[in-house]
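Asks: When you get a sec, could you give me coordinates for this:
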Amino acid sequence: MTDAQLPFAAALESLAKCVPQNLIRPKVGIICGSGLSTLAASLTDTVYVPYGEIPGFLISTVDGHKNSLVFGLCGDVPVVAMLGRFHAYEGYPFQKIMFPVRVMARLGVKNLIVTNASGSLNPNIPVGTIVVLHDHLGIPNLSGFNPLLGPQHDKKIPRFLPTSNAYSTSLRRLFFHAVHELGFNLDDFAEGTYAWVSGPTYESPAEGRFIRAAGADVVGMSTVPEVLAAKEEGLEVIALSLVTNFVIIPDTYRSIKAEVKAQLEGKIVEDPLQPVVSHQEVLEIGLKKAEIMRAIVERVVQKIP
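Replies: Numbering: from 1, shown residues only. This is a model prediction of the structure:
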């Protein structure tokens with residue numbers, strides 16, 4: 001799908017009709033992940049535009065995603081935020097998943113703040129930690145499902161997009177300065193590598209072990225397609241990953257064979273509960289940390305030159 005097949009003109013015309021002039025040229029874009037839509041609470045003079053009213057936009061089917069584009073001021077900086085995002089596991093094509101980021105770029109956005117909820121693969125990164133991403137491991141990218149596969153999106157953009165500089169060092173530096181200025185402890189935050197998987201299943205123990213061995217610290221089902229689109233559009237990107245659960249990776253597997261053998265020998269065998277991850281858990285942690293995330297993002301926006 002090329003530019004000519006995406007409804008950029010219709011989307012921009014639709015937004016221009018309902019967003020006032022002082023907001024229609026935002027400088028910063030924000031993508032709110034699961035349970036993190038309260039990031040928009042720091043904005044003033046807000047205008048909400050439902051996704052269903054914007055040509056080319058999809059509808060998120062995931063709990064915790066509000067399906068609205070909100071324009072507003074963060075201090076005196078015009079901002080646009082996606083309250084909810086789209087995922088490949090919902091059955092949506094990558095070109096349409098990335099479409100909102102490309103629309104943001106055409107509205108004037110130069111800096112993109114992407115947030116997500118993730119599972120921790122690293123024992124040193126506990127639940128509740130905000131991880132500033134410095135790299136990603138795109139499992140679909142390596143297995144034939146790179147979001148940029150297909151016709152070249154724009155002939156002015158290089159066919160072979162470098163990703164070694166995908167995450168802006170300048171924005172990451174602003175983030176940690178904001179953490180310090182707000183009185184938070186720098187040691188409560190982390191830097192790490194995000195593994196993108198397609199979902200919608202949470203990782204099996206073997207899959208988690210494999211991804212961790214490949215060097216990832218956290219894992220989730222979003223973000224990388226939007227980052228790739230942003231880099232193609234020339235945006236500076238920072239990605240913030242809120243750890244909402246630990247990926248379940250036991251050191252050993254429970255042996256049912258050994259349990260049956262013990263039972264046959266007349267021994268009592270307990271049947272322990274097996275831990276599982278739930279989306280409700282993800283949303284609950286998101287709500288608990290949303291205010292911290294909101295305060296830092298607001299400060300970062302106001303510090304961007």
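Asks: Please report phi then psi for the spatially closest residue to N67 that is not a sequence neighbour.
Replies: Leaving aside its chain neighbours, N67 sits nearest to Y51 (4.7 Å; criterion: C-beta to C-beta, 6 or more residues apart in numbering). Where you see a C-beta, it was placed from the backbone N, CA and C, and this is true even at glycine. Backbone geometry at Y51, expressed as degrees, to the nearest 10, gives phi -60, psi -40.
Asks: which residues in this structure form helices?
Replies: For the chain, helices defined by DSSP state H occupy the ranges 8-18, 94-107, 139-142, 169-181, 205-213, 224-232, 256-264, 279-303.
Asks: Quick one: residues in contact with the third one.
Replies: Outside of helix 139-142, the residues within contact range by C-beta atoms under 8 Å, 6 or more residues apart in numbering are A88, N146, P147, A195, W196, V197, S198, I211, V224.
Asks: one more time with 6 Å
Replies: V197, S198 (C-beta atoms under 6 Å, 6 or more residues apart in numbering).
Asks: And for the second one?
Replies: If you take C-beta under 6 Å, 6+ apart as the criterion, helix 94-107 is touched by 1, 11, 26, 29, 56, 58, 80, 82, 86, 147, 225-226, 229-230, 233.
Asks: I figured I285 hits V243, correct?
Replies: No. Counting by C-beta atoms under 6 Å, I285 does not reach V243; the two are 7.7 Å apart.
Asks: Between those two, which has more neighbouring residues?
Replies: Neighbour tally, I285 and V243, criterion other C-beta atoms under 10 Å: the higher count belongs to V243, 27 against 19.
Asks: ok so, going back, redo the helices of the chain as CSV? Include distance to T46 and mean pLDDT.
Replies: Supplementary listing: those in CSV, determined by distance: least, C-beta to C-beta, whole Å; pLDDT from 0 to 100:
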stretch, distance to T46, mean pLDDT
helix 8-18, 12, 96
helix 94-107, 16, 96
helix 139-142, 35, 95
helix 169-181, 22, 98
helix 205-213, 38, 97
helix 224-232, 22, 97
helix 256-264, 55, 94
helix 279-303, 14, 83
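Asks: would you list those helices in JSON lines and tack on distance to E191?
Replies: Output for the helices of the chain, formatted as JSON lines (distance: least, C-beta to C-beta, whole Å):
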{"stretch": "helix 8-18", "distance to E191": "35"}
{"stretch": "helix 94-107", "distance to E191": "23"}
{"stretch": "helix 139-142", "distance to E191": "21"}
{"stretch": "helix 169-181", "distance to E191": "8"}
{"stretch": "helix 205-213", "distance to E191": "16"}
{"stretch": "helix 224-232", "distance to E191": "16"}
{"stretch": "helix 256-264", "distance to E191": "40"}
{"stretch": "helix 279-303", "distance to E191": "14"}
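Asks: Out of those helices, flag the one nearest I157.
Replies: Within the helices of the chain, the stretch nearest I157 is helix 224-232; the backing value is 5.0 Å (C-beta to C-beta).
Asks: by contact count, what packs against the closest one?
Replies: Identification of packing neighbours for helix 224-232 by 3 or more C-beta pairs under 6 Å, 6 or more residues apart in numbering; DSSP states H and E yields helix 94-107.
Asks: Now do the helix it packs on against helix 224-232, angle only.
Replies: Calculated by axes from the mean of the first three to the mean of the last three C-alpha atoms, to 10 degrees, helix 94-107 forms an angle of 40 degrees with helix 224-232.
Asks: Now helix 94-107: buried residues?
Replies: F94, Q95, I97, M98, F99, P100, V101, R102, V103, M104, A105, L107 (16 or more other C-beta atoms under 10 Å).
Asks: For the contacts of helix 94-107, name the two members farthest from one another.
Replies: Across the contacts of helix 94-107, the two members that end up farthest from each other (C-beta to C-beta) are M1 and P26, 24.8 Å apart.
Asks: the more surrounded of these two?
Replies: Set side by side, M1 and P26 give different neighbour counts by other C-beta under 10 Å, the larger being at P26 (23 against 14).
Asks: Surely that one touches V77?
Replies: No. Under the contact definition of C-beta under 6 Å, P26 does not touch V77, with a separation of 8.2 Å.
Asks: related to what we said a few turns ago, what's the most buried one of the helices of the chain?
Replies: Using mean count of other C-beta atoms under 10 Å, the stretch among those with the largest mean neighbour count is helix 224-232, at a mean of 25.
Asks: any residues touching that helix, and which ones?
Replies: By C-beta under 6 Å, 6+ apart, helix 224-232 touches 31, 94, 97-98, 101-102, 112, 114, 136, 138, 147-148, 157, 161, 166, 196, 237.
Asks: Write the ChimeraX selection for whichever of the residues you listed are buried.
Replies: A single ChimeraX command suffices to select whichever of the contacts of helix 224-232 are buried according to 16+ other C-beta under 10 Å:
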select :31,94,97,98,101,102,112,114,136,138,147,148,166,196,237
